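**Student:** following is a predicted model, sequence given first.
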Amino acid sequence: MRKAVYDERYARPGLYWGSRPTSLAREVIRVARTLPRSPRTLVDLGSGEGRDSIYFARQGYRVLGVDISSVGVRKSEERAARLGVKVRFQVGDLRTYRLKHRADVVFCSGALNNIPRRIRAARFEHFKANTAPGGINAMNADVPKPYIPPYSKNPYATPFRSGELLGYYGDWEILDSRQVEFMSTASGVPHRKAMDIVVARKPRLGAR
């Protein structure tokens, strides 16, 4: 992952990823309604131009959006202000960013592939340790398929192995785990991709 890659994307007119929230963000809201305690705080890792962060804030969450691109952060702040939505954004590198407080939800859509394999286990332990008991992590990651031509405009991204993402949550309650294949148009060029999705809940203190 390199800051310049995203700065260049987000400096373009319009929204590189579009304005609609991701399907994972909408799933988090559905899942949250089924939990005994409604989540209130959320960290959006790799928040880009803020589409999911703004969506969560509109649903009543206290949101911190974190992205490596200062251009993306500035664009997010301007859009949130224009829409009258209160969200806090911060520049941070997913590979090294340290969460300061426990959040009810740690969310990451479309950015995990920027974490090198050698540090992934440590990164997920950090995300999990800084999730409140009973809180959730909602994540997705691109996975390669031999019959899908590789496509990436980020030369620094590394795919996850199929099932790798789920493996980081073996000690949590799995609320959803699946692999999907779909046609993506997010970058403006239609391309097919496969993605692993995991939504997992941290055990509450004293739970057996």
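**Tutor:** Cool, the structure landed.
**Student:** ranges for the helices of this structure?
**Tutor:** 3-10, 23-32, 51-58, 70-83, 117-129, 164-167 (DSSP state H).
**Student:** quick one: residues in contact with the last one.
**Tutor:** Contacts to helix 164-167, defined as C-beta atoms under 8 Å, 6 or more residues apart in numbering, come from residues 112, 120, 139-141, 143, 174, 177, 196-198. Where you see a C-beta, it was placed from the backbone N, CA and C, and this is true even at glycine.
**Student:** list the buried residues for that helix?
**Tutor:** Using 16 or more other C-beta atoms under 10 Å as the test for burial, helix 164-167 gives 164-166.
**Student:** sorry, back to before: weakest of the helices of the chain by average pLDDT?
**Tutor:** Looking over the helices of the chain, mean pLDDT reaches its minimum on helix 3-10, with a mean of 87.
**Student:** so how far is it off the chain centroid?
**Tutor:** 17 Å (C-alpha atoms, centre = their mean, to the nearest Å).
**Student:** show me what it is packed up against.
**Tutor:** helix 70-83 (3 or more C-beta pairs under 8 Å, 6 or more residues apart in numbering; DSSP states H and E).
**Student:** against which helices or strands is the helix it packs on packed?
**Tutor:** helix 3-10, helix 51-58, strand 62-67, strand 88-91.
**Student:** want to throw the helices of the chain into TSV with distance to residue 105?
**Tutor:** Output for these, formatted as TSV (distance: least, C-beta to C-beta, whole Å):
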stretch	distance to residue 105
helix 3-10	23
helix 23-32	6
helix 51-58	8
helix 70-83	18
helix 117-129	11
helix 164-167	17
